[in-house]
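Student: pasting the structure only:
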C-alpha cells in the first residue's frame, strides 16, 4: 500500500534528553526519505533526508537511521531543547515518483522543562 | 536566497465559489508540488508540476486543478468550493526532477463557510 505510519502520536521528553521518533513505511520501492518539523501555524521545515543506499545520516543534533529490512525509519534528536517542540513527519518518495511525497501521520514532540 | 512564497496566507470563501492560490518556488527550482493538510487526513499530495507539465496527480476530484508558468511559479485552483475543502494548502519546491529535497512554504489557510 501507500501508507507511511508512525508508532506514537505523542512523545514527551525532558529537556536535555535524547528523543527518538519512529516511522514505518510499507512500500519497498521507496528509496528516498525526508524528516520534517512543523510548528504551529507554519509549513513543514526540512530537517534531514536519507537515500535507500544509506543506513545512517547525521546532521546538526539529528541522526536518521534507515532499516530497509524491516522498513523502519527513525529520527534521533540529541540534547532535546524546548525549541524542538513540534510535530515531526516522515515522508517517503519512491523511485520514478518524481518529487511526490507520501507523509506519515506525524508525532507530536513535547519537551518538558 | 528567498524561500518558497505562498499567497495569500489566509482566505475565507463561501461554498460554491472558486479560489486561486499562488506559489513562487525557490529560485532555480523547477518542480512545484501542492499538498492539502487537514487534521483528519494529514498531509495529502495534490499534484506536481515540472517545467510547466503536470506529471503526478493525487486522488482529488477534478475541482482541484493547477498550472505552472514558464518562470516556475505555480497556481492551484479549486472550483465549486465545499466545506470540506477548508484546509492548509502547502506548496513545496524541489530543485531536481525526482527524489530531491522538497522545501515548503508557509501555506495558505483556506476557510470555506
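Tutor: Alright, I've got the coordinates. In this text, all values refer to a predicted model and were calculated from it rather than measured experimentally. Numbering: from 1, shown residues only, chains lettered A, B, ... in the order given.
Student: bridging residues for the nearest residue to residue B:8 once chain neighbours are set aside?
Tutor: In space, residue B:8 comes closest to residue B:108 once its chain neighbours are excluded; the distance is 6.1 Å by Cβ to Cβ, 6 or more residues apart in numbering or on different chains. For glycine as for every other residue, the C-beta is placed from the backbone atoms N, C-alpha and C. Residue B:108 has the following beta-bridge partners by DSSP bridges: residue B:89.
Student: report the contact partners of residue B:108.
Tutor: For residue B:108, the contact set (Cβ atoms under 8 Å, 6 or more residues apart in numbering or on different chains) comprises B:6-11, B:21, B:88-89.
Student: so which elements touch the helix or strand that contains residue A:32?
Tutor: Assigning secondary structure by DSSP states H and E places residue A:32 in strand A:30-38. With contacts taken as 3 or more Cβ pairs under 8 Å, 6 or more residues apart in numbering or on different chains; DSSP states H and E, strand A:30-38 sits against strand A:45-51, strand A:62-67, strand A:72-77, strand A:86-94.
Student: how about the residues of chain A by chain B?
Tutor: A:31-32, A:34, A:36, A:42-46, A:49, A:51, A:89, A:91, A:93, A:95-106 (Cβ under 8 Å from any Cβ of the partner chain).
Student: about what we covered before: so for the residue nearest to residue B:8, what's the pLDDT?
Tutor: Looking at residue B:108, its pLDDT stands at 98.
Student: alright, that wraps it up for me.
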